[in-house]
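[1] sequence and predicted model, in that order:
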Amino acid sequence: QVQLKESGGGLVQAGGSLRLSCAGSGRTFTTYGMGWFRQAPGKEREFVAAINWSGGSTLYADSVKGRFTISRGNDKNSVYLQMNSLKPEDTAVYYCAAGRVLGVTPVSYGYWGQGTQVTVSS
């Protein structure tokens, strides 16, 4: 069974940091791009960051650029999101995704995790 599983979400005060992890299983994602999206209540799912198969190319949403860093594990089957200087508007469910192309829209990704809640208090 192909699975992406996120971890590391939680409650943090504004200005704090969290590190999200996503582990792939059931198949190899070493040649896939991997990304993070988020969805706040009542809003559409939005792109956060993405990284290509080698880790040599990254994309960020303007709203997180300079605060978040995406990286891949050495096994290339995992991806991380280091989130610093968190703001209340970063509150959302964060989803990990994998796809054959590096994209900024959900349709670029064929595999999704269940999501992990991140809540930033003011």
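    Arrived safely, thanks for sending.

[2] can you give me the strands for the chain?
    For the chain, the strands defined by DSSP state E cover 3-7, 10-13, 18-25, 33-39, 46-51, 58-60, 68-72, 78-83, 92-99, 111-112, 116-121.

[3] so which of those strands is the most surrounded?
    strand 33-39 (a mean of 24; mean count of other Cβ atoms under 10 Å). Every C-beta, even on glycine, is put in place using the N, C-alpha and C of the backbone.

[4] for it, packing partners?
    With contacts defined as 3 or more Cβ pairs under 8 Å, 6 or more residues apart in numbering; DSSP states H and E, strand 33-39 has these neighbours: strand 18-25, strand 46-51, strand 68-72, strand 78-83, strand 92-99.

[5] report the contact partners of residue 6.
    By Cβ atoms under 8 Å, 6 or more residues apart in numbering, the contact set of residue 6 is 20-22, 94-96, 113-116.

[6] disregarding residues adjacent in the polypeptide, which is nearest to the spatially most central residue of the chain?
    By Cα atoms, centre = their mean, the chain has its centre lying nearest to residue 36, at 2.4 Å. Excluding the flanking residues, the one nearest residue 36 by Cβ to Cβ, 6 or more residues apart in numbering is residue 48, at 4.3 Å.

[7] would you mind measuring from the one you found to residue 1?
    Using Cβ to Cβ, to the nearest Å, residue 48 is found at 26 Å from residue 1.

[8] residue 96 touches residue 4, doesn't it?
    Yes - between residue 96 and residue 4 there is a contact under Cβ atoms under 8 Å: 4.9 Å.

[9] mind listing the shared neighbours of the two?
    22, 112-113.

[10] and these as TSV, adding distance to residue 14 and pLDDT?
    Below are the shared contacts of residue 96 and residue 4 laid out as TSV (distance: Cβ to Cβ, whole Å; pLDDT from 0 to 100):
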residue	distance to residue 14	pLDDT
22	24	97
112	28	96
113	26	97
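
[11] so which of these is the closest to residue 76?
    residue 22 (12.2 Å; Cβ to Cβ).
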